[in-house]
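K.L.:
Need a 3D model of the sequence below.
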Amino acid sequence: MKIIIINILFFISLNTLFSQSYITFTPSLTTIQGTVLDKSNLSIEVGHQWDVFSLGVVGGKTSLSSCVKDTTTYFEIRSNLNIFQQGKFTNTFTIGLGYIPNAQNDFLTEVTYTIEYGLSEQFHINILAGQYLYSGLKTTGNEPFIGVSLTYFFKPFIQKIQ
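P.N.:
Purely as a prediction, here's the structure:
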């Protein structure tokens, strides 16, 4: 068992040499009824990008309105695939799976399309549109959303030796 764990850790550490670490801040608005705070979402994603694929861990809030029992904090694993790239523009497709503690609809699914512009090698800005799908034991729901995000890449991409 120790050898398996050591091999997995070695593979993960070797794999991160050929990836870019990044952090993304994303404010967005859903199209539900309510105040601006009810519609506002925030998330922070930390992850790695390998060529055209990235995988991140996300923490966020589905609403900024106050509530007695917090049912707005969520955690998500998000995968991104760069579908098309032309110059500094990239079109990205995102799928995410998450969990919302204490919520009636605690299972979160996300589908998002993004247009990304590379301001520099470290900073990218994104315009995004997508949908959150919520499900629980007895009910389901969905919320379309639009937003922007700012991504910072921590280190340059290292090409694999061929």
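
K.L.:
I'd say residue 135 and residue 100 touch.
P.N.:
No: between residue 135 and residue 100 there is no contact under C-beta atoms under 8 Å: 10.5 Å. Using the backbone N, CA and C atoms, a C-beta is placed for each residue, glycine as well.

K.L.:
between the two, what contacts are shared?
P.N.:
Residues touching both residue 135 and residue 100 (C-beta atoms under 8 Å, 6 or more residues apart in numbering): residue 107.

K.L.:
Give the residue from the two that has the larger number of neighbours.
P.N.:
Per other C-beta atoms under 10 Å, whichever of residue 135 and residue 100 has more neighbours is residue 100, with 23 against 15.

K.L.:
Run through the bridge partners of the residue nearest to the more buried one when sequence neighbours are not counted.
P.N.:
Among residues not flanking residue 100 along the chain, residue 74 sits closest, at 4.4 Å (C-beta to C-beta, 6 or more residues apart in numbering). Residue 74 has these beta-bridge partners by DSSP bridges: residue 60.

K.L.:
how close does residue 74 get to residue 58?
P.N.:
8 Å (C-beta to C-beta, to the nearest Å).

K.L.:
Looking at the two, which has the bigger crowd around it?
P.N.:
Shown here are residue 74 and residue 58; by other C-beta under 10 Å, residue 74 has more neighbours (23 against 20).

K.L.:
What's the end-to-end length of stretch 112-132?
P.N.:
Terminal residues of stretch 112-132 are spaced 9 Å apart (C-alpha to C-alpha, to the nearest Å).
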